[in-house]
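Novice: what's the 3D shape of this:
(chains A and B)
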Amino acid sequence: MTSTTTPTPTASSSSQPPVGGDEVIRTEDLTKVYPGGVKAVDQLNLTVYRGEIFGLLGPNGAGKTTTAGMLTTRVVPTEGRAYVGGVDVWAHPAKAKSLLGVVPQSNTLDRSLSVFDNLYFHGRFFGMSGRDAKAEAGRLLEQFRLTERAKMPVLALSGGMAQRLMVARAVMHRPSVLFLDEPTAGLDPQSRIAMWEILGELHQDGQTILLTTHYMEEADDLCTRLAIIDHGKVLALGTPRELKASTGIDTVVTVQADGDLEQLATLLRDGIAGATDASVVEGKVLLGVKGAQGVLPAVVQLAEQHGVTVTDLSINEPTLETVFINLTGKDLRE
Amino acid sequence: MTATTITPAGVGEHHELGPAHTSIGGTFVALLQRDLHVLLHNLKEFIPRTVLQPLLLVFVFTYVFPKIGQSIGGSSSAFSTLLVAGVLGSVILFQGVQSVALPLVQEFGYTREIEDRVLAPLPVSLVAIEKIVSGAIQCLIAAVIVFPIAYFVPATPVNISFNWVLLLTLTPIACVMAASLGLFFGTFFDPRTVPLLFGVIVVPLTFLGCIYFPWQELSAIPWLQWLVCLNPLVYMCEGFRAALTNMDHMSLLAIYPVMIGFTALFAWRGITGFTKRVIA
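Specialist: Okay, the predicted model is just below:
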């Protein structure tokens, strides 16, 4: 593993541009301060290239949705600029909208229209002739396995089906970039996997995708590159592999024990060979180790020598969560 | 699981297609088509909603009352004639609020289902203007449906005398004004309180909107005559009175400019309110 990424707030240049190198999204010092003074996004500089699945990973309230909003003409930036497909989003919003496909967090399907008509009219809004819109709506329904529901009201769809229809609607006009805001939040596990497959296939067909998520597995499995953000700032940017390598450890030991966990953390950090960091997160001690040979017996032994009973012990590779904890000292779910 | 075999074929191949074909005018027309499609699908709700209130109004005041010997507003024939203009005005006002403000409750609400139209490739202000145009068309349809009721239901003759120039100029203005008022109400009031509109605002507007009495006869109550000048419905009813009857009416020199002024005011407030609602 190579460690090429160092966490930096304006890190777009620090990560290698992916294949093609064609910019689809660029932000310059993009900032949003909401009335009342809350700074949701703070001088964000990002570049997303053609064909990427780019993830904005961060806890709730990190500024992900606001960032997506500023790129999709729904949130006016306080400062800075946003470009999509070379178009300045806020100088030419109508033109920018023709390049965007958006799947928002909530179900925004048109309740007054049937499943089929949601697609048909979307196509019409984007300049398709009636005939083309009909043909394309039919094709998409088949592709997204919704043909049998074509005439139903959208309220009759399950959460997973509604989400699939929203993705179908968003890609119908062949957008330069597809935005998905927490695409799998609230979906059951099966629908979530189905959604990942859909996004994977869209990606294979060359669709540039920007998604926001607070699920690290989603970011890890799906994204070609991602930015970890918190408090409206980019904390780290790179491929999932680069980010995990940047922690400098190859193993995370999770220890559950009875006793003073803070004390145990200090003990383990100082007493275990190769330990780089230890912190208490959600009632567990997380110990980062480089070179994990024989680490488990050593942890148990050290704890017991100091009168602490270990109740559970597990060993994992570092995850994006580890990266996040390393950067912020807190859990992604907080 | 079946969903895992989904193949979004062809997404990459046609990347250049979409944007090249869009035009603001075409998108605007498509938004209108969407609204008219919804209207056609909901005709069985639209027609009773539009017809029932004016039908009952005309039936009770101009059919039942004369039949049972109760008279209001002088001769019953004069009252039937007076009411034609009032009924048309009130139907247009109701329709404007119902067809624009009420759907916005749902569209701005939790589901934010207006979003796909807001993201259509045209300026947001045009999405709001489309709401006005679509509402105005619905007002016009309502007026056309209701006019025969006001003409044929009364038990006593209705003396209609068309002034086509006035009718063909005032009707579109009235329809656009009512739809603009609907947009203003729909964006000004919190979605939860919009249903209160009818009880608290629309009912007073209709009772004091010169539906049942001509404005000039209010000279007997001068403070009320001036107060109702704030009511946009007064100008609609008085305008239709001028366009459809030989009765006395408010000066056209007041009706036209005030109606146009109200329309501009409501449309401006409605469009800015709409934009504020959809863009953070």
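Novice: Could you pull out the helices in chain B for me?
Specialist: Counting by DSSP state H, the segments of chain B that form helices are B:17-21, B:24-41, B:43-58, B:65-67, B:76-96, B:102-108, B:115-118, B:124-152, B:164-188, B:196-197, B:203-207, B:222-227, B:232-244, B:252-278.
Novice: The stretch 101-250 of chain B against chain A: which residues are in contact?
Specialist: Within the stretch 101-250 of chain B, the residues that sit near chain A (C-beta under 8 Å from any C-beta of the partner chain) are B:103, B:106, B:110-124. From N, CA and C alone the C-beta is placed, and that goes for glycine too.
Novice: in which helix or strand would I find A:T73?
Specialist: Per DSSP states H and E: A:T73 is located in neither a helix nor a strand.
Novice: If I follow the layout properly, it ends up in contact with A:L99?
Specialist: No: A:T73 lies out of contact with A:L99 (C-beta atoms under 8 Å); the separation is 10.6 Å.
Novice: Roughly how far does B:G89 sit from A:V76?
Specialist: Per C-beta to C-beta, to the nearest Å, B:G89 is found 40 Å from A:V76.
Novice: what does stretch B:230-243 contact?
Specialist: Stretch B:230-243 is contacted from outside by B:82, B:84-86, B:88-90, B:92-93, B:162-163, B:166-167, B:170-171, B:173-174, B:177-178, B:181, B:205-206, B:208-211, B:214-215, B:228, B:247, B:249-250, B:252, B:254-256, B:258-259, B:262, B:266, using C-beta atoms under 8 Å, 6 or more residues apart in numbering or on different chains.
Novice: Swap in 6 Å and give it another go.
Specialist: B:85-86, B:88-89, B:93, B:163, B:166-167, B:170, B:174, B:205, B:208-211, B:215, B:228, B:247, B:249-250, B:255, B:258-259, B:262 (C-beta atoms under 6 Å, 6 or more residues apart in numbering or on different chains).
Novice: In the sheet, which strands lie alongside the one helix or strand A:G101 maps to, parallel or antiparallel?
Specialist: Applying DSSP H and E as the criterion places A:G101 in strand A:100-103. If you go by DSSP bridges, strand A:100-103 pairs up with strand A:177-181 (parallel).
Novice: Of all the helices of chain B, which one is nearest A:L267?
Specialist: Closest approach to A:L267 among the helices of chain B (C-beta to C-beta): helix B:115-118, 53.3 Å.
Novice: Quick one: residues in contact with the closest one.
Specialist: Applying C-beta under 6 Å, 6+ apart, the contact partners of helix B:115-118 are A:108, B:31, B:124, B:127, B:278.
Novice: can we see that at 8 Å?
Specialist: A:74, A:102, A:104, A:108-110, A:118, A:122, A:125, A:169, B:31, B:34, B:124, B:127, B:278.
Novice: Tell me where the model's unsure across the stretch 151-280 of chain B.
Specialist: Low-confidence segments of the stretch 151-280 of chain B (pLDDT under 70): B:195.
Novice: closest point of it to chain A, which residue?
Specialist: B:A280 (4.5 Å; C-beta to the nearest C-beta).
Novice: show me what contacts that residue?
Specialist: Contact analysis of B:A280 by C-beta under 8 Å, 6+ apart lists A:34, A:69, A:74-76.
Novice: how close does it sit to A:G69?
Specialist: On the measure of C-beta to C-beta, B:A280 and A:G69 end up 6 Å apart.
Novice: ditto for A:L187
Specialist: To A:G69, A:L187 is 22 Å away according to C-beta to C-beta.
Novice: Looking at those two, which has the bigger crowd around it?
Specialist: A:G69 (23 against 18; other C-beta atoms under 10 Å in any protein chain shown).
Novice: My read is that that one contacts A:V75, right?
Specialist: Yes: in this structure, A:G69 is within contact of A:V75 by C-beta under 8 Å, at 3.2 Å.
Novice: sorry, back to before: okay, the strand holding A:G101 in CSV with CA atoms only?
Specialist: Presented in CSV, the C-alpha positions along strand A:100-103 are these (Å, rounded to 0.1, in the frame of the first residue of the first chain):
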residue,chain,number,x,y,z
LEU,A,100,-27.8,17.8,-13.6
GLY,A,101,-29.6,14.7,-12.5
VAL,A,102,-30.7,14.9,-8.8
VAL,A,103,-31.9,12.2,-6.4
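Novice: Need the residues that contact it.
Specialist: Residues outside strand A:100-103 that contact it (C-beta under 8 Å, 6+ apart): A:71-73, A:84, A:163, A:166-167, A:170-173, A:175-181, A:183, B:115, B:119.
Novice: Now do the buried residues in it.
Specialist: Using 16 or more other C-beta atoms under 10 Å in any protein chain shown as the burial criterion, the residues of strand A:100-103 that qualify are A:100-103.
Novice: pLDDT averaged over that strand, what's the number?
Specialist: Throughout strand A:100-103, pLDDT has a mean value of 94.
Novice: farthest pair in the contacts of B:A280?
Specialist: Distance extremes for those: the farthest pair is A:Y34 and A:R74 at 13.4 Å, using C-beta to C-beta.
Novice: Compare these two and say which is more crowded by neighbours.
Specialist: Higher neighbour count among A:Y34 and A:R74: A:R74, with 22 against 13, using other C-beta under 10 Å.
Novice: Wait, a helix at A:L155?
Specialist: Yes: judged by DSSP: H, G, I helix; E, B strand; the rest coil, A:L155 forms part of a helix.
Novice: how far away is it from chain B?
Specialist: A:L155 is 10 Å from chain B, where distance means C-beta to the nearest C-beta, to the nearest Å.
Novice: Does that residue touch A:R111 like I think?
Specialist: Yes: look at A:L155 against A:R111 with C-beta under 8 Å: they come within range, at 6.2 Å.
Novice: Compare neighbour counts for the two and give me the winner.
Specialist: The residue with more neighbours, out of A:L155 and A:R111, is A:R111; 15 against 9, by other C-beta under 10 Å.
Novice: Tell me if that one really is in a helix.
Specialist: No: note on A:R111: no helix contains this position according to three-state DSSP, which reports coil.
Novice: Do I have it right that it meets A:A156?
Specialist: No: counting by C-beta under 8 Å, A:R111 does not reach A:A156; the two are 10.8 Å apart.
Novice: what element comes up after the strand holding A:G101 heading to the C-terminus?
Specialist: By DSSP H and E, the next helix or strand past strand A:100-103 is helix A:115-125.
Novice: tilt between the next helix or strand after that next one and helix A:115-125?
Specialist: In the C-terminal direction, the helix or strand that comes right after helix A:115-125 (DSSP H and E) is helix A:130-143. Angle, helix A:130-143 to helix A:115-125, by axes from the mean of the first three to the mean of the last three C-alpha atoms, to 10 degrees: 130 degrees.
Novice: and stretch B:217-229, which residues are buried?
Specialist: Residues of stretch B:217-229 classed as buried by neighbour count (16+ other C-beta under 10 Å): B:218, B:225, B:228.
Novice: which residues touch the last one?
Specialist: It refers to B:V228. Residues near B:V228 by C-beta under 8 Å, 6+ apart: B:208-210, B:215, B:218, B:234.
Novice: how many other residues sit next to residue 182?
Specialist: All of this is about chain A. Neighbours of A:E182 (other C-beta under 10 Å): 21.
Novice: Chain B is the one I meant
Specialist: B:G182 has 31 nearby residues by other C-beta under 10 Å.
Novice: what's the closest non-adjacent residue to A:S114?
Specialist: The shortest distance from A:S114 to any non-neighbouring residue, by C-beta to C-beta, 6 or more residues apart in numbering or on different chains, is to A:K151 (5.4 Å).
Novice: so that neighbour touches A:V115, yeah?
Specialist: Yes: assessed by C-beta under 8 Å, A:K151 is found in contact with A:V115 at 7.2 Å.
Novice: need the strands for chain A, in chain order.
Specialist: Taking DSSP state E as the criterion, chain A carries its strands at A:23-33, A:39-49, A:53-57, A:79-84, A:87-88, A:100-103, A:177-181, A:208-213, A:225-230, A:233-238, A:251-258, A:275-281, A:284-289, A:309-316.
Novice: which stretch among the ones you listed comes nearest A:F144?
Specialist: Among the strands of chain A, the nearest to A:F144 by C-beta to C-beta is strand A:100-103 (12.4 Å).
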